[in-house]
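> the amino acid sequence is not available; the structure is as follows:
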Ligand SMILES: Nc1ncnc2c1ncn2[C@@H]1O[C@H](COP(=O)(O)OP(=O)(O)OP(=O)(O)O)[C@@H](O)[C@H]1O
């Protein structure tokens with residue numbers, strides 16, 4: 001049997017009559033990073049807080065087979081990191097990182113602080129005042145502080161949400177490298193799909209308190225499992241089997257829950273010049289067009305599919321005709 005670090009079984013969190021987390025089962029391997037992804041209010045933070053011991057919960061929470069439910073927060077050996085790093089303003093950077101290292105000899109503590117600062121790319125920042133740090137630097141210090149005592153599990157709640165997108169992307173990649181480097185087992189809550197897919201080995205999709213599906217980013221994209229998860233990931237439109245067959249995509253073998261073919265973002269592309277020549281492809285009319293991250297995207301009414309996003313090689317005007325082809329590798333049956 002594979003080794004299990006954190007194990008959740010039937011975990012539920014209720015606030016009065018509201019069931020914020022509803023019967024979640026999840027096993028995590030040692031050193032694994034799992035991101036919980038879901039819309040606002042789906043119960044991600046409540047689940048994380050229950051694991052930390054900050055929220056009463058039903059069901060079981062075990063670490064290496066032993067229940068941690070009776071263990072108080074500070075004895076669980078779990079590290080925490082939040083959106084706002086919650087650094088102590090009255091301590092300098094070094095003092096913040098050393099906070100969880102009480103009981104360690106001075107020299108050893110200083111060494112650990114320097115090592116953590118190097119890990120997060122802030123070597124030499126020991127004496128800096130917290131108020132002088134940028135948002136990104138503050139979150140790096142918060143990460144160093146959380147990792148310094150070598151927690152057996154790191155719990156991160158939207159650690160990058162307060163940062164702008166470019167910084168978030170950079171820090172997400174750095175975080176992944178740091179967690180791998182340290183072999184840290186981590187549960188990571190975010191509502192940002194790109195961040196989840198960058199940081200985690202496996203991503204869990206939450207909706208209305210339930211864990212809908214857990215898988216590696218590749219698994220989720222190739223088989224989202226349900227229309228709800230597919231929609232959350234940005235798949236669409238969803239084509240009935242008959243339409244899919246007309247496009248040369250007969251249903252895959254095996255039972256299909258709803259028998260719909262879901263198109264991933266980028267599944268439709270235009271063959272430039274073909275519309276004018278009347279060549280292969282579905283006929284489409286452009287509604288609007290925009291440049292997104294260096295790629296032209298047209299919203300178009302596509303024959304037999306309805307309104308959909310189509311990647312194009314150049315900008316198009318409303319009313320332009322396109323010949324649209326489907327990339328079967330960017331589709332999934334749900
Ligand atoms: N302390 C609380 N008392 C009452 N209801 C709460 C409390 N904390 C959360 N809730 C409710 O529980 C549900 C789940 O909230 P939770 O914060 O876990 O979701 P989330 O997915 O983390 O959302 P967000 O991304 O907005 O933080 C929501 O309906 C929320 O309003």
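The structure has been received and is ready for your questions. Just so it is clear, the model here is predicted, and its values are computed rather than measured.

> show me the residue sitting in the middle of the protein in space.
For the chain, the residue sitting closest to the mean C-alpha position, by CA atoms, centre = their mean, is residue 196 at 1.7 Å.

> where's residue 332, which helix or strand?
Here residue 332, judged by DSSP states H and E, is contained in strand 331-333.

> do the same with residue 220
Secondary structure assigned from DSSP H and E places residue 220 in helix 217-222.

> go through that helix and flag the buried ones.
Neighbour counts over helix 217-222 (16 or more other CB atoms under 10 Å) mark 217, 220, 221 as buried. The C-beta positions use only the backbone N, C-alpha and C, and glycine is treated the same way.

> closest to the ligand among these?
Using CB to the nearest ligand atom, the shortest approach to the ligand within the buried residues of helix 217-222 belongs to residue 220, at 18.0 Å.

> who's in contact with the closest one?
With contact taken as CB atoms under 8 Å, 6 or more residues apart in numbering, residue 220 is in contact with 203, 205, 213, 229, 233.

> surely residue 78 touches residue 149?
No - the criterion here is CB atoms under 8 Å, and residue 78 misses it with residue 149 at 10.3 Å.

> more neighbours: which of the two?
Just comparing residue 78 and residue 149: by other CB atoms under 10 Å the higher neighbour count belongs to residue 78, 23 against 18.

> per-residue confidence at that one?
If you check residue 78, the pLDDT there is 96.

> report the beta-bridge partners for it.
Residues in a beta bridge with residue 78, per DSSP bridges, are residue 153.

> distance check, it against residue 61.
Noted for residue 78: a distance of 10 Å to residue 61, by CB to CB, to the nearest Å.

> identify the contacts common to the two.
Applying CB under 8 Å, 6+ apart, one finds that residue 78 and residue 61 are jointly contacted by residue 51.

> hang on, the earlier thing: pLDDT on the helix holding residue 220, on average?
The pLDDT scores in helix 217-222 average 94.

> so which elements touch the helix or strand just after it?
Counting by DSSP H and E, the next helix or strand C-terminal to helix 217-222 is helix 227-233. Packed against helix 227-233 by the contact rule (3 or more CB pairs under 8 Å, 6 or more residues apart in numbering; DSSP states H and E) you find strand 202-207, strand 210-215, helix 217-222, strand 260-263.

> any part of helix 227-233 near the ligand?
No - using CB under 6 Å from any ligand atom, helix 227-233 never reaches the ligand; the gap is at least 12.4 Å.

> so how far is that helix off the chain centroid?
What separates the centre of helix 227-233 from the centre of its chain is 14 Å, taken as CA atoms, centre = their mean, to the nearest Å.

> same thing with stretch 196-211?
Centroid separation for stretch 196-211 versus its chain: 6 Å, with CA atoms, centre = their mean.

> what comes up buried for it?
Buried residues in stretch 196-211, counted by 16+ other CB under 10 Å: 196-207, 209-211.

> what mean pLDDT does it get?
Here the average pLDDT along stretch 196-211 is 97.

> would it count as contacting the ligand?
No - interface with the ligand: stretch 196-211 contributes nothing (CB under 6 Å from any ligand atom), its closest point being 6.5 Å away.

> and that stretch, how far apart are its ends?
End-to-end distance for stretch 196-211: 15 Å, by CA to CA, to the nearest Å.

> and the helices in the stretch 51-200 of the chain?
Secondary structure of the stretch 51-200 of the chain by DSSP state H, counting those that start in this stretch: the helices cover 93-97, 106-119, 135-147, 165-182, 193-199.

> per-residue confidence averaged over stretch 112-127?
Mean pLDDT, stretch 112-127: 95.

> tell me the span between the first and last residue of that stretch.
This stretch, stretch 112-127, spans 15 Å end to end (CA to CA).

> show me which residues of the stretch 51-200 of the chain sit near the ligand.
residue 191.

> for residue 210, see how far away the residue in the stretch 51-200 of the chain positioned nearest to the ligand is.
The minimum distance from the stretch 51-200 of the chain to the ligand, using CB to the nearest ligand atom, falls at residue 191 (5.0 Å). Per CB to CB, residue 191 is found 16 Å from residue 210.

> try residue 70
On the measure of CB to CB, residue 70 and residue 210 end up 26 Å apart.

> just residue 263 next, same as before
Distance of residue 263 to residue 210, computed by CB to CB: 25 Å.
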